[in-house]
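Q: Below are the sequence and a predicted model; questions follow.
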2 protein chains.
Amino acid sequence: ADAGDAERLTELLEPLHAADIADLLEQVGGSERREIVRLWGREIDGEVLTELDESIREEVIAALPREVLAEAVRELDSDDVVDLIEDLEEPQQEAILKVLDEPDRAAVEQSLTYPEYSAGRLMQREVVTAPEHWTVGETIDFLRRDDELPDQFYHVILVDPGHHPTGYVTLGKLLASKRDMGLREITEDSFRTISAWQEEGDVAYAFNQYHLISAPVVDDHDRLVGVITIDDAMSVLDEEHEEDILRLAGVGDESSISDTVVETARQRLPWLAINLCTALLAASIINLFQASIGHLVALAVLMPIVASMGGNAGTQTLTVAVRALATKNLTDSNIWRVIRREVLVGLINGGTFALCLGIVAWIWFGTPALGLVIGAAMIINLFIAALAGIVVPIALERLGADPALASGTFVTTMTDVFGFFSFLGLATAVLL
Amino acid sequence: ADAGDAERLTELLEPLHAADIADLLEQVGGSERREIVRLWGREIDGEVLTELDESIREEVIAALPREVLAEAVRELDSDDVVDLIEDLEEPQQEAILKVLDEPDRAAVEQSLTYPEYSAGRLMQREVVTAPEHWTVGETIDFLRRDDELPDQFYHVILVDPGHHPTGYVTLGKLLASKRDMGLREITEDSFRTISAWQEEGDVAYAFNQYHLISAPVVDDHDRLVGVITIDDAMSVLDEEHEEDILRLAGVGDESSISDTVVETARQRLPWLAINLCTALLAASIINLFQASIGHLVALAVLMPIVASMGGNAGTQTLTVAVRALATKNLTDSNIWRVIRREVLVGLINGGTFALCLGIVAWIWFGTPALGLVIGAAMIINLFIAALAGIVVPIALERLGADPALASGTFVTTMTDVFGFFSFLGLATAVLL
């Protein structure tokens, strides 16, 4: 029966792209996944492994026979091998490195000397270079002789005798130019190098901002050590966004659709625990006004509205701020104007909703003064929300923290505390 | 003085990349921007215009002398012209179309017949094709003769006599192969065509999922009408993420750092208004229990904690669900397992925090029964949060709505209403 199942599996999976097979392995349950790997694992290739989410990649790799793994890894570019092994345990890493040919192993080990999430980890070592003084004809002849060209490359990188990149030529230009044209005559303006130490998020930003297709990576001495291509930059951009969006929501940024119940519960717990503490802080503010609420229960009915509006307005502002920081659109040149704008928007919307809610509260409870008090509290809280929403992310960024990670908690704590305090405090002073 | 200022501006801006100039124009204030355009506008090029945010592009275009605009637009690829004019008013559009050469104008007008945000709008019309039966040598000779090649291209697309694309060859393979090799022998496995009617978000997904560098675009009859390159797909991916993140936060997705105070206030208002309505709904639940709160003010102190924890847990779940839907990781094959997981996680974390908060409430107010009631309410509300957090986005998606846009409001309304109702209702039944 196993043989029949294996055959049917192969029929099903054979026509699929590696990325789709990886998605499928992520989407099925743990026991089905183990069954698929057991039956079909011998035919798995390196591409499927690199496409797999980290959370289950280790599990799949551990389940593969050593010779299958060796075969799968040998066909990969160095950047994919690095991506594959950087999160593995030492013995598994060793096992994979051992099956690589000597130059490939050296390339991978060199990449691993750069920090995680750096350009050095992202780059592939397979580069196509030409001396600066070559002509188009010499370059084409060289390319036609070389039978170890990378699978995908888009530029020939010009290097000087010290192996420093000095420009690049697109393959399109190379094909369109006369054979006796010098390479130096047809280099691209878009040329820029990337330091191997640069953070991968900044690399993705540069690709997107400057429409780069590939960029040479250099070491501390400006020597060419590799190349990053746009498809890898696009993946990084996608991951960075995923991280931001999950962090803003207080979800562990390593979360994946294939995580188990226990893993998921554990990822979500820390942020809920922090939220419990801040909610208790807000409750302790309400506690100060027990006597007032005892006298006028309408206060308890209305107070969550002020806090909720503050929380929402604060989240709007902080999300815009976090995005603007991530896209480098919030800079020294416009920081004060943006702060001023957010505060004014807070006051305008505070005024608008103060009016609406004030009238509702007046009609609902028949007390004009209650309408005035809740209106004033609304203006105060939307002002606080705007100020905190813009200043907190900027401050976190300046302190070297990720504004997406903690801004939300800070801001909603402030809007809760100030919301309850301003409403209940004003009510106590004016109404009782 | 103007002449001197203009010169200094040119010195400053000349060395900058078009994308950085555009960022600068977005970051300075409105009056400074008008001044820069007045002094330096004659030297603006098409690239800067395409990089500008839509919100200020129209303003800049309107301020440019007609001949400057004509010059700027003539050097652009057809996809950039489309991007530039699709949001302009009819007369401005006409003015730009008029300055284009006849074939370029036809290409742009053809693109404009496809719907906004479709592949047809995103593609460039400049394609490099070769008949299927050509050899590498014939193709290279053809490329060298053609002096109207696009600025950037990465593949030669093979077409049959009916102009249907049947495969493509990378320029790297073309350069590395012998002259007498047939093109058909060296086509790429990654080849896939895109319909001109496809949604641009799906196009970006396909590029990222399948590591495409360029993809031919076909019309209803599978005839080649253009090509999309990865740099455009990367921009779309970036915009789609921006849209998701802003929609999740209830901010108008067209918001930009250069918006004025009034524009910003107006964008933020609708979501705050909706939030006011849902907060009033939650308040009306509390209103039902006025008598209970009057008897035991501790209820007013503790009730926001239950609602707040529900809101946070719901946001965690819905964010994961929205992302999984956007990345096509939540499919029919795993939907039930994911729903089951989320609900179990809700119950586990509900239980954990029921215990914590129950003990806190007991010690704080000295009433064990109050601890039991708030614990039970916590479990109920985190269960509701999990269920709503996963089911609401899926339901919105199935109904054809964008889950990022409205899920948050639905889910937090449910957690507020159920949070207050379960806690105050249980307290009324058990304690009073």
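A: Arrived safely.
Q: CA only for contacts and neighbour counts going forward, please
A: Noted.
Q: What is the burial count for A:V60?
A: When counting by other CA atoms under 10 Å in any protein chain shown, one arrives at 18 neighbours for A:V60.
Q: what about it, distance to A:I21?
A: 13 Å (CA to CA, to the nearest Å).
Q: show me where the stretch 301-432 of chain A has helices.
A: A:335-365, A:368-398, A:403-431 (DSSP state H, counting those that start in this stretch).
Q: actually the stretch 101-250 of chain A, not the one I typed
A: A:102-112, A:119-122, A:136-145, A:171-176, A:200-210, A:230-248.
Q: can I see the domain layout of chain A?
A: A:2-113, A:129-247, A:261-431 (automatic domain parsing).
Q: rewinding a little: so can I have CSV of the helices of the stretch 101-250 of chain A showing distance to chain B and mean neighbour count?
A: As requested, the helices of the stretch 101-250 of chain A are exported to CSV (distance: least, CA to the nearest CA, whole Å; neighbours: other CA atoms under 10 Å in any protein chain shown):
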stretch, distance to chain B, mean neighbour count
helix A:102-112, 21, 17
helix A:119-122, 15, 29
helix A:136-145, 4, 18
helix A:171-176, 4, 23
helix A:200-210, 6, 20
helix A:230-248, 6, 22
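Q: State the distance from the closest residue to A:L426 other than its chain neighbours to chain B.
A: Closest residue to A:L426 apart from its sequence neighbours, by CA to CA, 6 or more residues apart in numbering or on different chains: A:V373 at 6.2 Å. Per CA to the nearest CA, to the nearest Å, A:V373 is found 17 Å from chain B.
Q: neighbours around A:V373, how many?
A: 23.
Q: For it, which residues are in contact?
A: A:358, A:423, A:426-427, A:430 (CA atoms under 8 Å, 6 or more residues apart in numbering or on different chains).
Q: Over to A:I293?
A: A:299-300, B:294, B:297, B:300.
Q: rerun that using 10 Å as the cut-off
A: Residues in contact with A:I293 (CA atoms under 10 Å, 6 or more residues apart in numbering or on different chains) are A:286-287, A:299-301, A:424, A:427-428, B:293-294, B:297-298, B:300-301.
Q: Closest one of those to B:E86?
A: Checking the contacts of A:I293 against B:E86 by CA to CA gives A:V301 as the nearest, at 49.7 Å.
Q: Does stretch A:354-367 reach chain B?
A: Yes - contact of stretch A:354-367 with chain B (CA under 10 Å from any CA of the partner chain) involves A:356-357, A:360-361.
Q: Would you mind listing what in the stretch 51-200 of chain A touches chain B?
A: A:51, A:139-156, A:170-179, A:189-190.
Q: go again using 8 Å as the cut-off
A: By CA under 8 Å from any CA of the partner chain, the residues of the stretch 51-200 of chain A that approach chain B are A:140, A:143-147, A:149, A:152-154, A:170-172, A:175-178.
Q: mind checking which helix or strand the residue lying closest to A:I44 once chain neighbours are set aside is in?
A: With sequence-adjacent residues excluded and distances taken as CA to CA, 6+ apart, A:I44 is closest to A:A72, at 7.2 Å. Element membership for A:A72 (DSSP states H and E) is helix A:66-74.
Q: Touching that helix from outside, list them.
A: Contacts of helix A:66-74 (CA under 8 Å, 6+ apart): A:41-47, A:61, A:81, A:96, A:99-101.
Q: please redo it, this time with the cut-off set to 6 Å
A: A:42, A:45-46, A:99-100 (CA atoms under 6 Å, 6 or more residues apart in numbering or on different chains).
Q: ditto for stretch A:91-104
A: Stretch A:91-104 is contacted from outside by A:70, A:74, A:85, A:105, using CA under 6 Å, 6+ apart.
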